[in-house]
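K.L.:
Show me how the following folds:
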Amino acid sequence: MPKKKLRITREDARQMLFDLPVSRKTEEIPLEESYGRVLAEDVIAEENVPPFAKAPLDGYALWGEETEAASPENPLTFRITEEIAAGGVPKIPLTKGFAAKILTGAPMPEGSNTVVRFEETEFTEETVTLTAPVRPYADYVPAGDDIKAGRKLAGKGEEVTPPLAGMMAALGKNTVTVYRKPRVTILSTGSELQTVAAPLSPGKIRNSSYHLLRGYLTEAGAEVAPPTVIADTVEGIAEKLNDALRESDLVITTGGVSVGDYDLVMAATERIGAKQLFWKVRFRPGGTMLAAERDGKLILGLSGNPASASLALFVIGMPFVRVLTGRPAAVPRRVTAELLDPITKDSPYGRLVRGRLVLKDGKCGCRVLDNQGNGALSSLLGCDLIIDIPAETPPLAAGAVVEAYYIGRDSL
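P.N.:
Have a look, this model is predicted:
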């Protein structure tokens, strides 16, 4: 199989993934389980919220125009027809000279268009007296004041947020149609790997990359299959790739994508008839990665080094995972930040540096995290910026302005 050109750009790599056909399934779930899920339907209000005109405060409901002549010298007295509590229903329409005692949230009676506060009146059990006019509709909440019937509240591809869930509840929408979570299988290659629970054997390391990547993928809205560790044989990797492609929407491998004697993932993808999309992207670390496709499903081969694999996932893989979840295609947000620490190495090929966002005097600052090694898990603790250093950049002093991908969970 002919090889694709080496070291393609990030933009080209992402576009190749975006161009893959994606078939998403939907499911209907209870409203209480919908938070964070991605809508597979537009949410249209089918009724008004509130469904009736209501009182915004405790007082007396009346027709405001009747109070125009009220003054200390000319007090106006209205007879009270009834008391309307929240959850109650008005029974008596108001006519001239009448008012209704009303409590916050209660439906306004027919013939009223404002509420006068208790403390602005003199009242008995049978009458209420005003010494100042009350402006019509000044204290009055009309039907549909919050949400009008027919309004589009959210569209396909948007996440269910707490406010949206609250609005759907107010509208009586107790089930929601969402995209099914994409199923991802992570195949960890390497004869040196062992499970987390097993006692550590000589020459072995624990499979940390699986749990690292699983966490990021779960946060993004994917469902991740249990871990699978495969020894370094083409036959074994090919067999597990076939199994995973049958069961998953996306297959990620870790390890085995470089050029060593035991880097066998590319050969395994060729054995199962997958079409290679690219191998190696222009960034370091993590740019030695493989993308292949079979039957419309993506195989994404990442480095065996945990930090490198994470960087490649964020910069190239995660935008495609967004598409699988039903969200619009989008790259991580880029921000401009001031370095608060120096970057002492030059970057002849371009480099991704792990950092942490610090808001300084209303501006974005960036701390460079310790230990930028390819396998350094500790450098990902607190990492919410990936600093993008262009090729042929010399060492940078503190105070330099850099571009970075923001990968934090909080909005900026």
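K.L.:
use CA for all of it now, contacts and neighbours both
P.N.:
Noted.
K.L.:
Going along the chain, name the strands of the stretch 251-400 of the chain.
P.N.:
Counting by DSSP state E, counting those that start in this stretch, the stretch 251-400 of the chain has strands at residues 275-281, 290-294, 297-302, 333-339, 351-360, 363-368, 385-389.
K.L.:
Give the partner strands of the longest one in its sheet and their orientations.
P.N.:
Each strand pairing with strand 351-360, determined using DSSP bridges, is listed with its direction: strand 363-368 (antiparallel), strand 385-389 (antiparallel).
K.L.:
related to what we said a few turns ago, which of the strands of the stretch 251-400 of the chain sits closest to Leu103?
P.N.:
Ranking the strands of the stretch 251-400 of the chain by proximity to Leu103 (CA to CA) places strand 351-360 first, at 46.1 Å.
K.L.:
Quick one: mean pLDDT for that closest one?
P.N.:
The pLDDT scores in strand 351-360 average 93.
K.L.:
Where does pLDDT dip in the chain?
P.N.:
Within the chain, the segments meeting pLDDT under 70 span 1-6, 259-262, 411-412.
K.L.:
ok, now with 80
P.N.:
Along the chain, segments meeting pLDDT under 80 span 1-6, 258-263, 360, 375, 409-412.
K.L.:
for it, what's the longest helix?
P.N.:
Longest helix in the chain by number of residues (criterion: DSSP state H): helix 234-247.
K.L.:
which non-adjacent residue is nearest Thr218?
P.N.:
Nearest residue to Thr218, sequence neighbours excluded (CA to CA, 6 or more residues apart in numbering): Val224, at 7.0 Å.
K.L.:
Distance check, that neighbour against Asn242.
P.N.:
Separation of Val224 from Asn242 (CA to CA, to the nearest Å): 17 Å.
K.L.:
can you check Asp12 too?
P.N.:
Counting by CA to CA, the gap from Asp12 to Asn242 is 27 Å.
K.L.:
and what of Gly215?
P.N.:
24 Å.
K.L.:
ok, now Leu17?
P.N.:
From Leu17 to Asn242 the distance is 20 Å (CA to CA).
K.L.:
Which secondary structure state does the closest residue to Ser310 other than its chain neighbours sit in?
P.N.:
Excluding the flanking residues, the one nearest Ser310 by CA to CA, 6+ apart is Leu213, at 6.7 Å. Three-state assignment for Leu213 (DSSP: H, G, I helix; E, B strand; the rest coil): helix.
K.L.:
And for Glu66?
P.N.:
Glu66 - assigned by three-state DSSP - is helix.
K.L.:
mind listing what it touches?
P.N.:
When contacts are counted by CA atoms under 8 Å, 6 or more residues apart in numbering, Glu66 touches 96-97.
K.L.:
hmm, 10 Å instead?
P.N.:
76, 78, 96-98, 133-136 (CA atoms under 10 Å, 6 or more residues apart in numbering).
K.L.:
and what of Glu33?
P.N.:
160, 165, 175-176.
K.L.:
can you rerun that using 8 Å?
P.N.:
So Glu33 contacts nothing (CA under 8 Å, 6+ apart).
K.L.:
Next one: Ile299 from Ala274, what distance?
P.N.:
Counting by CA to CA, the gap from Ile299 to Ala274 is 8 Å.
K.L.:
Now for the two: what residues contact both?
P.N.:
With CA under 8 Å, 6+ apart as the test, Ile299 and Ala274 both reach 292-293.
K.L.:
So between these two, which is more surrounded?
P.N.:
Per other CA atoms under 10 Å, whichever of Ile299 and Ala274 has more neighbours is Ile299, with 26 against 19.
K.L.:
Is that one bridged to anything, and to what?
P.N.:
Val251, Ala292.
K.L.:
From here on, call the first residue 51.
P.N.:
Okay, residue one is now 51; in that scheme the one you just asked about reads as Ile349.
K.L.:
ok now do Gly200, which residues does it touch?
P.N.:
With CA under 8 Å, 6+ apart, Gly200 has these contacts: 94-97.
K.L.:
could those be laid out in CSV, adding distance to Pro232, neighbour count and secondary structure?
P.N.:
Converted to CSV, the contacts of Gly200 look like this (distance: CA to CA, whole Å; neighbours: other CA atoms under 10 Å; DSSP: H, G, I helix; E, B strand; the rest coil):
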residue, distance to Pro232, neighbour count, secondary structure
Ile94, 26, 16, strand
Ala95, 28, 21, coil
Glu96, 30, 15, coil
Glu97, 33, 17, coil
